[in-house]
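> any chance you could fold what I've pasted below:
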Amino acid sequence: MTTGVSSGSSTEMSNERSIAVVKELMEAWNAKDWDRWAQLHDENVHHDGPDHAQTVIGREAMLAAHTGLGRAFPDFQFEITRIFAQGDLVCAEWSLTGTQNGPFPAPGGRSEPTGKTIKIPGCFVFRIAQDKVAEYVGHPDLLNTYIQLGILPPVSMDVGRH
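Okay, the predicted model is just below:
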């Protein structure tokens, strides 16, 4: 059975290249190689989503916003659990682990260092342009983060039980 897409097509190569850019970005993030991380972003990159109160615009603003994660969780590591692309769009699901050794934004202000280790799932949807991240939307599980840090009590959406 043929699929109409030949092996090595330009679409497959575009998907592979876009995924490679995202994987390199995540590797730089894990290594805390902020110079390499910044260079993998377009100068006018946009980052939006529930992980930021306002859209972050520009490479320098992005760097300032994201190095803060390294101050709050100096040992953080992203593990990509699933990644796929369609042209210039890449969806990367991940698991983030880290120990809170610095202040972290929280409901009502901020959480002072707890020394607690978290493991949370999340997802980024990236747009890649000219082998750089041009835009992304973040979807971290912030509720689970706050619960693991002891900022909020455990909750359940299991409405079938009393």
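> got the contact list for the most centrally placed residue in the chain?
With distances taken as CA atoms, centre = their mean, Phe124 lies nearest the centre of the chain, 4.9 Å away. Contacts here follow CB atoms under 8 Å, 6 or more residues apart in numbering; on that basis Phe124 touches Val22, Cys91, Ala92, Trp94, Tyr136, Val137, Gly138, His139. Backbone N, C-alpha and C define where each C-beta goes, glycine included.
> what bridges to it?
Residues in a beta bridge with Phe124, per DSSP bridges, are Ala92, Gly138.
> the one 4 residues further on too?
Note on Ile128: beta-bridge partners by DSSP bridges are Val133.
> go ahead and confirm it touches Ala134.
Yes - at 6.6 Å, Ile128 counts as touching Ala134 under the criterion of CB atoms under 8 Å.
> can I get the helix or strand that contains Ala61 in CSV? Just the C-alpha atoms.
When secondary structure is defined by DSSP states H and E, Ala61 falls within helix 59-72. Extracted in CSV, the C-alpha atoms of helix 59-72 (Å, rounded to 0.1, in the frame of the first residue of the first chain):
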residue,chain,number,x,y,z
ARG,A,59,15.2,37.0,22.6
GLU,A,60,16.5,39.1,25.5
ALA,A,61,13.1,39.2,27.3
MET,A,62,12.8,35.4,26.7
LEU,A,63,16.2,34.8,28.2
ALA,A,64,15.4,36.9,31.2
ALA,A,65,12.1,35.1,31.8
HIS,A,66,13.5,31.6,31.4
THR,A,67,16.7,31.9,33.3
GLY,A,68,14.4,32.5,36.3
LEU,A,69,13.4,28.9,36.2
GLY,A,70,17.1,28.1,36.7
ARG,A,71,17.2,30.3,39.8
ALA,A,72,14.1,28.7,41.3
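> quick one: Ile19 and Ala85 touch, right?
Yes - counting by CB under 8 Å, Ile19 touches Ala85, with 5.1 Å between them.
> these two - which one has more neighbours?
Set Ile19 next to Ala85 and count neighbours by other CB atoms under 10 Å: Ala85 wins out with 22 against 19.
> any idea whether that one is helix, strand or coil?
Secondary structure state of Ala85, per DSSP: H, G, I helix; E, B strand; the rest coil, is strand.
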